[in-house]
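> Pasting a predicted model and its sequence here:
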Amino acid sequence: MSKTLTIAASSVLFLSTAAYAQDQCAAGKTLTDGKFTIATGNPAYYPWVIDDAPEKGEGFEAAVAFAVAEEMGFAADDVVWVRSSFDEAIQPGAKEFDVNMQQYSITPERDQVVDFSAPYYTAPMAVLVSPNATETAPTLEALKGLQWGAVGSTTAVPKLASIIQPDSDPLLYGDNADVNAAMSANQIDAALFDLPTALFLSAVMIEGSKVIGQFPADESDNPDQFGMLMEDGNPLKTCVDEALATLAENGKLAEIEAKWLQDTTGVPLIK
Amino acid sequence: MPKLELQGVIKRFGDRTVCDGINLTVDEGQMVCLIGASGSGKSTLLRCINLLEPIEDGAIFLDGEDISIPGLNPQSVRARIGIVFQSFNLFPHMTALENVMLAPRRVRGLFRAELQPEVEALFARFGLADRMHNYPDQLSGGQQQRVAIVRALAMQPEVMLFDEITSALDPQLVGEVLDVLLMLKKQGMTMVMATHEMGFAREAADKICFLDSGRIIEEGPPEAVFDHPSHQTTQAFLARALK
Amino acid sequence: MTRRERYEAHQRRRSLVIATISTVTVVAAIYFLVPLAPGWTKVQQSFFNGETLVKTFPKLLEAFRINVMIFAWSAPAIAVLGLLIALARDAKSPALFPLRIFGAAFTDVFRGVPVILTVYLIGFGIPGLGLPRPWNSPYIWGSLALILTYSAYVAEIFRSGIDSVHHSQRAAALSLGLSERQVMRDVVLPQAIRNVVPSQMNMLIALQKDVSLLSFIGPVEIFRQAGVFKSLLANFTPYVGAAIIFLIVTIPATRYADHLMARQMRERR
């Protein structure tokens, strides 16, 4: 049903030939003809994908994925989900997916090895503190003195070093669950995540923890923008970018964000 | 009172009886030689006297004191009875000097410095003065066996047991070790030795015991046993051994 | 030169020539053929990127100091605990029976569980019980996980070493009036330990590598540091850099262990 809606919407924007043009764009450029293969993490985390079941289209990234697919002329049935690790995504050689979506921040270094779509989300960085440190003031000065943790493969690591510059060396982990374990063991006071992830961890995973502040994305000189990752030189990039541009223009992207990502305005800015 | 006395000593390994009621008296300063075929129980008997093997039945007396009571701490007895083995069994990670000093330091509680003169004198007496700081693998078989004897003597034992101590030596080295035994005899050491050196046994022993299947079937002064063996088995053994 | 010596010299020259030719051929084949593979430029870019290597190497080296540090305090603890476990398992007195059971259970459990699981369970689990800082540090509990696991292996090697000392050595020592304890300490253990030095060297090398497992519970040692670079630069070259640093340490150590092993074989013959 939503497909007819999208086609209807596109028709309004691009006149009746537009939908046909989208179909043309992706034709013959996907891994399997007529199918659009999207990779996500294993497991995929809330609120990006709900219940680790991306095929249901619930959760921010799952919803964006289906919207982009539709925009490119694929029926929901033609979307194939696969799982991949970060390493698989960046290793040289042919990829098992057309696009890979798991909160990949776009950086110039990564862009040399793989291709990124236009950004589909701009993520503020947020500070999640353990139950013992909820009284910490949201100021850089107060944050310096905490014992920090982060997921080692994320852009939170360089952000920590450049913005917060903590007094003691941060501890780094393999994934969110391990950061969670370290916080439960009181081995770290605070961890740096993108805001939606931080809010999710605080609300669901770590009892008593709190998101005490965020670094506004537009204020940092190098904002964290999530893009879909593709094999370097993938001809599909222009199609994906066009689809995202359309979704941004017609307000669909903002709609999805409003639906799946918690309202983030309540989190104070860090001074 | 004999220095060492064995009464009806029985030793079994599983259902194999190795010593089958052995009676033996050794007087102070005597040298007793145990002879007999391999497997006749000579070595096991010596190990029993030193309490390295517990005996099943019978009793062993040292100076009239029963040392074979089950449960008795064997350490103090072993310190009084030295034993030297066929295969030397020197500790390969220690020099000759350290080999000799280990037990006196640990058991007699002496310091190296206190021991040094006494031990050096022992080395000198047995012609090993220049070998004190060698490791066992740097010594000849004869030298190693002499160090082993010195090691046992350093505990100032009252009785010495020798278990075929020349059997593993090259023939030309046997003499130097046997000479040591003669020296000890001259000093009045009480000794029991298992040996295949019939010539030496005949010359040096005060008493010969012939063992067969765990029993002493013939004993007496060397001339009696060697020249007029009364038992047929002894005769057969000697005929083979002296050929 | 005798006829035999002439023959052997000729054979040696021949072997040398053949070995040289075959080595050169193999190296040349790798050198020239691998770059012909269609994906080579990408592989080279991803794994053997000189620029990335130069950029990340100093920080990798710095992170390696953490590995060295953890290794330095774990290794002696492993030696001591391993020896104690080995002795506990060989304890003969009935009063020490619980100790024997404990020793056996200890070696079974810690040899049976993958190191990484032990690191996780102890590294996160015990601090989770509510220990105050700094006593809940992942360095402490992660090291303990390594110490427990490696002690189990090291204990078994020590036991095999104790068994390798001929029983006549014990008999000789006992016959001098030494107590069981003195026999173990002065006669059996020194020989046992010497006999197993090469095997224990191999355990040290394995430990040096497994220190990296502590990265899973927080410490930013070389493996994690390389992972951070990999993520930031989307390039695997930092791992190659880390491997190089490991090899610089482990190759000489491995050679040395092999040398000790070979010498021991010669001595036993």
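Great, that's in hand. Numbering: from 1, shown residues only, chains lettered A, B, ... in the order given.

> count of residues packed around A:Pro138?
When neighbours are counted by other C-beta atoms under 10 Å in any protein chain shown, A:Pro138 registers 17. All C-beta atoms are positioned from the backbone trio N, CA, C, and that covers glycine.

> how close does it sit to B:Ala224?
Per C-beta to C-beta, to the nearest Å, A:Pro138 is found 110 Å from B:Ala224.

> C:His10 now?
To B:Ala224, C:His10 is 71 Å away according to C-beta to C-beta.

> ok, the two, which is more surrounded?
Taking other C-beta under 10 Å, C:His10 and B:Ala224 do not tie; B:Ala224 has more neighbours (14 against 10).

> got the buried residues for the one helix or strand the more buried one maps to?
Secondary structure from DSSP states H and E places B:Ala224 in helix B:222-227. By neighbour count on 16 or more other C-beta atoms under 10 Å in any protein chain shown, the buried set for helix B:222-227 is B:Pro222, B:Val225, B:Phe226.

> same thing with stretch C:81-100?
For stretch C:81-100, the neighbour count (16+ other C-beta under 10 Å) marks C:Leu81, C:Gly82, C:Leu83, C:Ile85, C:Ala86, C:Leu87, C:Ala88, C:Arg89, C:Asp90, C:Leu99, C:Arg100 as buried.

> does C:Gly177 count as helix, strand or coil?
Following DSSP: H, G, I helix; E, B strand; the rest coil, the label given to C:Gly177 is coil.

> So what's the residue count around residue 133?
In the absence of a named chain, chain A is used. 22.

> oops, chain C please
Neighbour number of C:Arg133 under other C-beta under 10 Å is 12.

> wait, what's in contact with the residue nearest to it when sequence neighbours are not counted?
Counting by C-beta to C-beta, 6 or more residues apart in numbering or on different chains, C:Arg133 lies nearest to A:Asn186, which is 7.0 Å off, once chain neighbours are set aside. By C-beta atoms under 8 Å, 6 or more residues apart in numbering or on different chains, the contact set of A:Asn186 is A:Ser130, A:Asn132, C:Pro127, C:Gly128, C:Gly130, C:Leu131, C:Arg133, C:Asn136.

> From these, list just the buried residues.
Here, 16+ other C-beta under 10 Å leaves A:Ser130, C:Pro127, C:Gly128, C:Leu131, C:Asn136 buried among those.

> and those residues, which of them are in helices?
For the buried ones among the contacts of A:Asn186, the ones inside helices are C:Pro127, C:Gly128, with DSSP state H as the criterion.

> can you tell me which two in the buried ones among the contacts of A:Asn186 are farthest apart?
Farthest-apart pair in those is A:Ser130 and C:Leu131; separation 14.3 Å (C-beta to C-beta).

> Validate this expectation: B:Glu114 resides in a helix.
Yes. Under the criterion used here (three-state DSSP), B:Glu114 sits inside a helix.

> Pick out whichever of the buried residues of stretch C:81-100 sits closest to C:Leu16.
Minimum distance to C:Leu16 across the buried residues of stretch C:81-100 is 44.2 Å, recorded for C:Gly82 (C-beta to C-beta).

> so that closest one makes contact with C:Arg159?
No. Taking C-beta atoms under 8 Å as the definition, C:Gly82 is not a contact partner of C:Arg159, at 9.5 Å.

> helix/strand/coil for B:Gln7?
Look at B:Gln7: counting by three-state DSSP, its state is strand.

> Can you tell me how far it is from A:Gly73?
109 Å.

> Can you name the residue of chain B nearest to chain A?
Nearest residue of chain B to chain A (C-beta to the nearest C-beta) works out as B:His93 at 45.7 Å.

> ok, for the residue nearest to the spatial centre of chain A, nearest residue in space, not its chain neighbours?
Centroid-nearest residue in chain A, with C-alpha atoms, centre = their mean: A:Gln103, separated by 2.5 Å. With sequence-adjacent residues excluded and distances taken as C-beta to C-beta, 6+ apart, A:Gln103 is closest to A:Phe226, at 5.2 Å.

> Any idea what the one you found is bridged to?
Note on A:Phe226: beta-bridge partners by DSSP bridges are A:Ser105, A:Tyr121.

> Could you report the separation of it from chain C?
Between A:Phe226 and chain C the distance is 14 Å, computed by C-beta to the nearest C-beta, to the nearest Å.

> thinking that residue is in contact with A:Tyr120, fair?
Yes. Counting by C-beta under 8 Å, A:Tyr120 is a contact partner of A:Phe226 at 6.0 Å.

> can you list the weak-confidence ranges in the chain?
Assuming you mean chain A. A:1-24, A:217-222, A:262-265 (pLDDT under 70).

> Switch to chain C, please.
For chain C (pLDDT under 70), the answer is C:268-269.

> Chain B contacts on that one?
Contact residues (C-beta under 8 Å from any C-beta of the partner chain) of chain C with chain B: C:168-169, C:171-179, C:182, C:186-187, C:190-191, C:194.

> Could you tell me which of those belong to strands?
In strands, defined here by DSSP state E, there are no members of these.

> Tell me the buried residues within the residues you listed.
Those of these that meet the buried threshold are C:169, C:171-178, C:182, C:186-187, C:190-191, by 16+ other C-beta under 10 Å.

> And the strands in the stretch 1-150 of chain A?
With DSSP state E, counting those that start in this stretch, the ranges of strands along the stretch 1-150 of chain A come out as A:36-40, A:79-83, A:99-100, A:114-116, A:121-123, A:125-129, A:148-151.

> remind me which residues of chain B are low pLDDT?
Counting by pLDDT under 70, chain B has low-confidence residues at B:243.

> and the longest helix for it?
Longest among the helix segments of chain B by residue count, using DSSP H, is helix B:171-186.

> From the contact counts, what lies against that one?
Using 3 or more C-beta pairs under 8 Å, 6 or more residues apart in numbering or on different chains; DSSP states H and E, the elements in contact with helix B:171-186 are helix B:141-153, strand B:190-194, helix B:198-204.

> how distant is stretch C:206-223 from the center of its chain?
13 Å (C-alpha atoms, centre = their mean, to the nearest Å).

> Repeat that for stretch A:223-239.
Once both centres are worked out by C-alpha atoms, centre = their mean, stretch A:223-239 turns out to sit 13 Å from its chain's centre.

> Give me the contact list for it.
A:22, A:25-26, A:29-30, A:68, A:72, A:89, A:94-95, A:98-101, A:103-106, A:110, A:113-125, A:155, A:159, A:194, A:217, A:240, C:42.

> top helix in chain C by residue count?
When chain C is parsed with DSSP H, its longest helix is helix C:50-89.

> could I get whichever helix or strand comes after it in CSV with only the CA atoms?
For helix C:50-89, the following helix or strand on the C-terminal side (DSSP H and E) is helix C:97-112. Output of helix C:97-112 as CSV, limited to C-alpha atoms (Å, rounded to 0.1, in the frame of the first residue of the first chain):
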residue,chain,number,x,y,z
PHE,C,97,43.4,-34.3,49.9
PRO,C,98,41.1,-31.3,49.4
LEU,C,99,44.0,-29.5,47.9
ARG,C,100,44.5,-32.3,45.4
ILE,C,101,40.9,-32.2,44.4
PHE,C,102,41.0,-28.5,44.1
GLY,C,103,44.2,-28.7,41.9
ALA,C,104,42.6,-31.2,39.6
ALA,C,105,39.3,-29.2,39.3
PHE,C,106,41.3,-26.0,38.7
THR,C,107,43.3,-27.4,35.8
ASP,C,108,40.3,-29.1,34.3
VAL,C,109,38.1,-26.0,34.4
PHE,C,110,40.7,-23.4,33.3
ARG,C,111,42.1,-25.6,30.5
GLY,C,112,38.6,-26.4,29.3
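
> tilt between helix C:97-112 and helix C:50-89?
Orientation of helix C:97-112 against helix C:50-89 (axes from the mean of the first three to the mean of the last three C-alpha atoms, to 10 degrees) gives an angle of 160 degrees.

> What residues of helix C:97-112 count as buried?
C:Leu99, C:Arg100, C:Gly103, C:Phe106, C:Thr107, C:Phe110.

> Next, count neighbours for residue 228.
Since you didn't name a chain, this refers to chain A. 29.

> Not quite, go with chain C.
Close neighbours of C:Val228, defined as other C-beta under 10 Å, add up to 22.
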